[in-house]
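[1] Generate a structure from the sequence data that follows.
(chains A and B)
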Amino acid sequence: MSIRNVIAAVFFSIVAIFLIFSALMIHPFGPDDNQEKFEMDEYIIQNSQEETGADNAVTGVVFDYRGFDTLGEATVLFTAVAGVMLIFRRLKK
Amino acid sequence: MSGMSKIVKTMTSVAFPLAMIYGLYIIAHGHLTPGGGFQGGAVVASACAMILVSFGSVWTVRKIKEKNLSVLESLGAIGFIGLGFFGLIFGSHFFKNILVGSKNIPIFNEIGQGMSNINTAGFIPLMNFAVGLKVIAGLFAIVLVMAYATRLKEGK
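    Sure thing, here's the model as predicted:
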């Protein structure tokens, strides 16, 4: 067992512990007992049309409130296309 | 290897424009109805994949090069990021939607309320076009390159 395997096992354990703790501390599904609705949902439903100008609230969230998320998705697609082009470049002949 | 039978090719030629129009409609109405750039782009890319399956990969590669598809995909990405920087330069922050409610530029500047028309939502339709172009070119390039690379294994 080399030193690299020991380091990998230690780091893997740390990451696993973090994941387990965050899974235990996650917010329960749905609103709390003292909370009628989610504030963020209510805010988006009430204000997204005035703020983004889009009728479709989902598009308003995806392209305006969370534009960086869409940018990341586009980056993922770009990376996939680049990888496929790179792998199949030799096989084309 | 020249694709499938004549019946399949004829039916593909009939169904391809309908699928194309449906996908482009989903992209263009992304800010009004459910859907958007990703979903409509997937529809259009599946229509192109139908062409690829029925007519064969050799015929399709002769018609459209995958290099051009790469250029289109990069254009979509540059357009998307450029629209974000447009808001950074002329507005306050990245992805700022400066077209909504502006009096100077009469493109997509109205605010949607209920049953609104297509001339709303500022940068969101333009970003939908950019992302749709990117998804169409990207998915079709993936399918095209894979089909062309494995063409020797199918059939003869």
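[2] Can you tell me the element residue 83 falls in?
    Picked chain A for this. Following DSSP states H and E, one finds A:Gly83 within helix A:67-87.
[3] try again with chain B
    Applying DSSP H and E, one finds B:Leu83 within helix B:66-90.
[4] okay, the angle between the helix or strand just after that helix and helix B:66-90?
    Heading C-terminal from helix B:66-90, the first helix or strand you meet, by DSSP H and E, is helix B:123-149. Interaxial angle, helix B:123-149 versus helix B:66-90 (axes from the mean of the first three to the mean of the last three CA atoms, to 10 degrees): 160 degrees.
[5] what is the mean pLDDT for helix B:123-149?
    When pLDDT is averaged over helix B:123-149, the result is 87.
[6] what's the weakest-modelled helix or strand in chain A?
    helix A:39-52 (a mean of 79; mean pLDDT, DSSP states H and E).
[7] Apologies, that question was intended for chain B.
    Within chain B, no helix or strand scores below helix B:57-63, which has a mean of 82 by mean pLDDT, DSSP H and E.
[8] residues from chain A in reach of chain B?
    A:49-50, A:52-56, A:58-60, A:62-64, A:67-68, A:70-71, A:73-74, A:77-78, A:80-81, A:84-85, A:88, A:91-92 (CB under 8 Å from any CB of the partner chain). To be clear about C-beta, it is placed using only N, CA and C from the backbone, and glycine gets the same treatment.
[9] So is the least confident helix or strand of chain B next to chain A?
    No. Contact of helix B:57-63 with chain A (CB under 8 Å from any CB) is absent, the minimum separation being 9.0 Å.
[10] can you give me how far that helix is from the chain middle?
    20 Å (CA atoms, centre = their mean, to the nearest Å).
[11] what's near enough to touch the spatially closest residue to B:Thr60 that is not a sequence neighbour?
    Of all residues not flanking B:Thr60 in the chain, B:Leu52 sits nearest, at 5.0 Å (CB to CB, 6 or more residues apart in numbering or on different chains). Residues near B:Leu52 by CB atoms under 8 Å, 6 or more residues apart in numbering or on different chains: B:60, B:140, B:143-144, B:147.
[12] now the angle between helix B:66-90 and the helix holding A:Gly83, please.
    Going by the same axes, to 10 degrees, helix A:67-87 is angled at 160 degrees with respect to helix B:66-90.
[13] helices or strands next to helix A:67-87 in the packing?
    The helices and strands touching helix A:67-87, judged by 3 or more CB pairs under 8 Å, 6 or more residues apart in numbering or on different chains; DSSP states H and E, are helix B:66-90, helix B:123-149.
[14] hey, which of the ones you listed is tucked in deepest?
    helix B:123-149 (a mean of 24; mean count of other CB atoms under 10 Å in any protein chain shown).
[15] and the angle for that helix with helix A:39-52?
    Using the same axes, to 10 degrees: helix B:123-149 against helix A:39-52 is 100 degrees.
[16] at contact distance from chain A, anything in helix B:123-149?
    Yes. Judged by CB under 8 Å from any CB, helix B:123-149 and chain A are in contact via B:123-124, B:127-128, B:131, B:134-135, B:138, B:141-142, B:145-146, B:148-149.
[17] and the helix holding B:Leu83, what does it pack onto?
    Contact here means 3+ CB pairs under 8 Å, 6+ apart; on that basis helix B:66-90 packs against helix A:67-87, helix B:123-149.
[18] Good, we can wrap up now.
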